[in-house]
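Chemist: What follows is a predicted structure for the sequence shown.
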Amino acid sequence: MVDIDTALERAMGIDGAIGAALVDGSSGFTLGVAGDGQRDMTIAAAGNTDVVRAELRTLEMLGSDDALEDMLITLDSEYHLLRLLRSGRTSGSLFLYLVLVKSRANLGLARVQLRRIEAELDV
């Protein structure tokens with residue numbers, strides 16, 4: 001098992017990563033951030049909390065039994081990957097947020113690596 005800082009360090013080791021955060025989805029507060037300093041991950045995490053909440057509300061209104069695994073926001077030059085944590089006692093209330101430079105990232109591999117980080121994270 002790894003702690004928050006180690007998990008974020010591993011996330012930053014993913015090819016193309018320029019920012020990472022562990023976010024409390026109920027409040028929008030970050031439990032930890034890492035990055036290259038080009039953006040305020042705290043503000044970005046709070047804003048993307050609204051995106052996650054909106055999707056969860058939509059699934060609920062649709063009566064879907066599926067759990068939200070992850071979300072992808074694609075910008076001109078970046079991928080923003082939001083992975084909801086499904087393990088442990090905080091299941092569903094936390095998410096990992098990863099910002100990747102599109103030209104340097106392998107999105108499929110990044111998703112696999114985030115899943116591994118999630119499995120090892122002890123919060």
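Modeler: Cool, the structure landed. Numbering: from 1, shown residues only.
Chemist: mind listing the helices for this structure?
Modeler: Listed in chain order, the helices of the chain (DSSP state H) span 4-12, 41-62, 107-120.
Chemist: Identify all contacting residues around the last one.
Modeler: The contact list for helix 107-120, computed with Cβ atoms under 8 Å, 6 or more residues apart in numbering, reads 1-2, 7, 10-11, 14-17, 70, 72, 79, 81, 83, 85-87, 96, 98, 100. Where C-beta positions appear, they are placed from N, C-alpha and C, glycine not excepted.
Chemist: Going through the residues you listed, which ones are buried?
Modeler: Burial by neighbour count, judged by 16 or more other Cβ atoms under 10 Å, picks out 7, 10-11, 14, 16-17, 70, 79, 81, 83, 85-86, 96, 98, 100 from those.
Chemist: And the pLDDT at Gly92?
Modeler: Residue-level confidence at Gly92 comes out at 60, pLDDT.
Chemist: scratch that, Asp36 is what I was asking about
Modeler: For Asp36, the model assigns a pLDDT of 83.
Chemist: burial of it, as a residue count?
Modeler: Neighbourhood size, Asp36 [other Cβ atoms under 10 Å]: 12.
Chemist: Which residue, other than its chain neighbours, is closest to it?
Modeler: Nearest in space to Asp36, with sequence neighbours left out and distances taken as Cβ to Cβ, 6 or more residues apart in numbering, is Ile18 at 4.9 Å.
Chemist: which residues does Gly35 contact?
Modeler: Under the criterion of Cβ under 8 Å, 6+ apart, the contact partners of Gly35 comprise Met12, Ile18, Gly19, Ala20, Met41, Val99.
Chemist: which parts of stretch 93-109 are buried?
Modeler: So, applying 16+ other Cβ under 10 Å, buried residues of stretch 93-109: Leu94, Phe95, Leu96, Tyr97, Leu98, Val99, Leu100, Ala105.
Chemist: how much space between the fourth one and Gly63?
Modeler: In this structure, Tyr97 lies at 28 Å from Gly63, with Cβ to Cβ, to the nearest Å as the measure.
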